[in-house]
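In: Generate coordinates for the sequence data below:
(chains A, B and C)
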Amino acid sequence: MIHQEEISLHTKGRGTYNISPEVESIVSASGIVTGLCHVFVQHTSASLILCENADPAVRGDLERFLINLVPDGSPMFRHIDEGNDDMPAHVRSILTNMDLTLPVAQGRPGLGIWQGIYLYEHRCSAHRRRVTVTVSG
Amino acid sequence: MIHQEEISLHTKGRGTYNISPEVESIVSASGIVTGLCHVFVQHTSASLILCENADPAVRGDLERFLINLVPDGSPMFRHIDEGNDDMPAHVRSILTNMDLTLPVAQGRPGLGIWQGIYLYEHRCSAHRRRVTVTVSG
Amino acid sequence: MIHQEEISLHTKGRGTYNISPEVESIVSASGIVTGLCHVFVQHTSASLILCENADPAVRGDLERFLINLVPDGSPMFRHIDEGNDDMPAHVRSILTNMDLTLPVAQGRPGLGIWQGIYLYEHRCSAHRRRVTVTVSG
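Out: You can find the predicted model right below:
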């Protein structure tokens, strides 16, 4: 059994956006009790992460780490036509991944209690992002 | 066909733990010959990696790389209530991933001969870690 | 329904190799219209990435970033018997991943228009690389 839906998200620029409720709704709508839930962002400058969902400082620290690791405007980057944050967004997306697969158990995403699903917008400006969710079981 | 089992693991603190035998047993028990095996750690400070399984120095070098990349007690981190190693554990887990999907071929995980499946405990102290394995085919 | 095929690829050393056409062919051959496509490299010194597929400078910048992040011949690495690029290849593979799962929609990999699927060879010399593609739906 396969159930596939698309989520469309308007981001307000760089940062993390909790999409756990949307993913849970799709799993629930699928009627699948045991299986897999695959989440996929159809872009190369946004990604999907599982992150601690209790203290927002965790996501602030993660951003501070990433901006330090992949500095906007670094002279090592030549792909700069779309701005100083474009190539860093590609690198950050590759390091944190565009695909994410979760178990489905008892009709829900089988996450740990501290795990939240976040879309990570790596561009500084607002973007519309498309996410495909596929539930199988 | 779907087969799902949970592994419970007691770690002794930061380091890698070979879970290949447990995953192979579950694939075997599933009776699935061709398909996918999804492995998932239900935490945000432990992850799953595929790593070279012959020379233990590889995992020592990987740890040396990660501790240098994400230093414990770095002043860039504000989420420090649970200790100097807590926020680095979240970052390391996101960089190395909490989910892992393997092919199943001929009734076994279709790994290359040098690939081992390791749970990576990123906290310094001992923890109990839960891993969900879902085999489909 | 499950369809599994293996791709064998001869690389010419470090760099990215577009395997999108091969993956698309296998999805098409599977006859599966809606589902998942799992791609897996059976090695620990090559990986799979989704990357911007229009400007080759992006992949050049990514390589420049990675060689700076994980320097060949770094004194922190002890696993050096097979060469200065061996341990960096393991680290780079773990950071960028050996497994990749894509949605299948309308009988094709459901990629965004700028997403290409690349095998990333991290060793400097030529290698034969095996990739398992599993389509389910």
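In: For chain A, which residue gets nearest to chain B?
Out: A:Gly112 (3.3 Å; C-beta to the nearest C-beta). The way it works is simple: take the backbone N, C-alpha and C, and place the C-beta from them, glycine included.
In: Next one, pLDDT for that residue please.
Out: You'll see A:Gly112 listed with a pLDDT of 97.
In: that's a helix at it, yeah?
Out: No: secondary structure of A:Gly112 (DSSP: H, G, I helix; E, B strand; the rest coil): coil, not part of a helix.
In: For it, which non-adjacent residue is spatially closest?
Out: B:Gln42 (3.3 Å; C-beta to C-beta, 6 or more residues apart in numbering or on different chains).
In: Identify the residues contacting that neighbour.
Out: If you count contacts by C-beta atoms under 8 Å, 6 or more residues apart in numbering or on different chains, B:Gln42 has them with A:110-112, A:115, B:129-132.
In: What residues does chain A have near chain B?
Out: A:34-36, A:49-52, A:55, A:57-58, A:60-62, A:64-65, A:68-69, A:95-97, A:100-105, A:110-112, A:114-115, A:136-137 (C-beta under 8 Å from any C-beta of the partner chain).
In: Let's see the PyMOL selection covering just the buried ones among the residues you listed.
Out: Applying 16 or more other C-beta atoms under 10 Å in any protein chain shown to the residues of chain A next to chain B, the buried members can be selected in PyMOL as follows:
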select buried, chain A and resi 34+35+36+49+50+51+52+55+57+58+60+61+62+64+65+69+95+96+97+100+101+102+103+104+105+110+111+112+114+115+136+137
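In: and the residues of chain A next to chain B, which of them are in helices?
Out: Among these, DSSP state H puts A:57-58, A:60-62, A:64-65, A:68-69, A:95-96 in helices.
In: Could you give the bridge partners of the spatially most central residue of chain A?
Out: Nearest to the mean C-alpha position of chain A, by C-alpha atoms, centre = their mean, lies A:Leu48 at 2.0 Å. Taking DSSP bridges as the rule, A:Leu48 bridges to A:Leu119.
In: Would you mind confirming that A:Met98 is in contact with A:Ser45?
Out: No: assessed by C-beta atoms under 8 Å, A:Met98 is found out of contact with A:Ser45, at 9.8 Å.
In: Just the closest residue of chain A to chain C, please.
Out: A:Gln42 (3.3 Å).
In: Can you give me every residue that contacts the nearest residue to A:Val104 once chain neighbours are set aside?
Out: Counting by C-beta to C-beta, 6+ apart, A:Gly35 is the residue found nearest to A:Val104 once chain neighbours are left out, at 4.5 Å. If you count contacts by C-beta under 8 Å, 6+ apart, A:Gly35 has them with A:1, A:103-104, A:135-137, B:2, B:134, B:136.
In: In a markdown table: these, plus distance to B:Cys124 and pLDDT.
Out: Converted to a markdown table, these look like this (distance: C-beta to C-beta, whole Å; pLDDT from 0 to 100):
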| residue | distance to B:Cys124 | pLDDT |
| --- | --- | --- |
| A:Met1 | 43 | 95 |
| A:Pro103 | 28 | 98 |
| A:Val104 | 33 | 98 |
| A:Val135 | 37 | 98 |
| A:Ser136 | 38 | 98 |
| A:Gly137 | 38 | 97 |
| B:Ile2 | 37 | 98 |
| B:Thr134 | 30 | 98 |
| B:Ser136 | 36 | 98 |
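In: what's the most distant pair in these?
Out: For the contacts of A:Gly35, the maximum inter-member distance is 15.5 Å, found between A:Met1 and A:Pro103 (C-beta to C-beta).
In: Before we move on, what's the pLDDT of A:Ser20?
Out: For A:Ser20, the model assigns a pLDDT of 98.
In: Ok, A:Arg128 next?
Out: Reported pLDDT for A:Arg128: 98.
In: now A:Gly15
Out: Model confidence at A:Gly15 (pLDDT) stands at 98.
In: Any idea how many residues pack against the nearest residue to it once chain neighbours are set aside?
Out: Closest residue to A:Gly15 apart from its sequence neighbours, by C-beta to C-beta, 6+ apart: A:Glu121 at 5.9 Å. A:Glu121 sits with 26 neighbouring residues when counted by other C-beta atoms under 10 Å in any protein chain shown.
In: One more: the one 4 residues further on?
Out: The burial metric for A:Ser125, expressed as a neighbour count using other C-beta under 10 Å, is 11.
In: Run through the residues that contact it.
Out: A:Ser125 sits next to A:Gly13 when contact means C-beta under 8 Å, 6+ apart.
In: In a helix, it, correct?
Out: No: when three-state DSSP is applied, A:Ser125 is found to be coil, with no helix at that position.
In: ok, it to A:Gly83 distance?
Out: 8 Å (C-beta to C-beta, to the nearest Å).
In: same question, A:Ile49
Out: Distance, A:Ile49 to A:Gly83, using C-beta to C-beta: 23 Å.
In: Repeat that for A:Arg128.
Out: 17 Å.
In: Comparing the two, which shows the higher neighbour count?
Out: Taking neighbours as other C-beta under 10 Å, A:Arg128 and A:Gly83 compare with A:Gly83 leading, 14 against 9.
In: three-state assignment of that one?
Out: Applying three-state DSSP: A:Gly83 is coil.
In: ok now do it, which residues does it touch?
Out: A:Gly83 neighbours (C-beta under 8 Å, 6+ apart): A:123-124.
In: where does it land on pLDDT?
Out: For A:Gly83, the predicted pLDDT is 96.
In: now swap in the one 10 residues further on and tell me
Out: In this model, A:Ser93 is scored at 98, pLDDT.
In: didn't it look like it was pressed against A:His122?
Out: Yes: using C-beta under 8 Å, A:Ser93 is in contact with A:His122, at 5.9 Å.
In: Which pLDDT value belongs to the residue of chain A closest to chain C?
Out: 98.
In: Please give the element, helix or strand, for A:Glu24.
Out: helix A:20-30 (DSSP states H and E).
In: Which neighbouring elements make contact with that helix?
Out: Helix A:20-30 sits against strand A:2-10, strand A:35-41, strand A:108-109, strand A:115-121, strand A:128-136, with contacts defined as 3 or more C-beta pairs under 8 Å, 6 or more residues apart in numbering or on different chains; DSSP states H and E.
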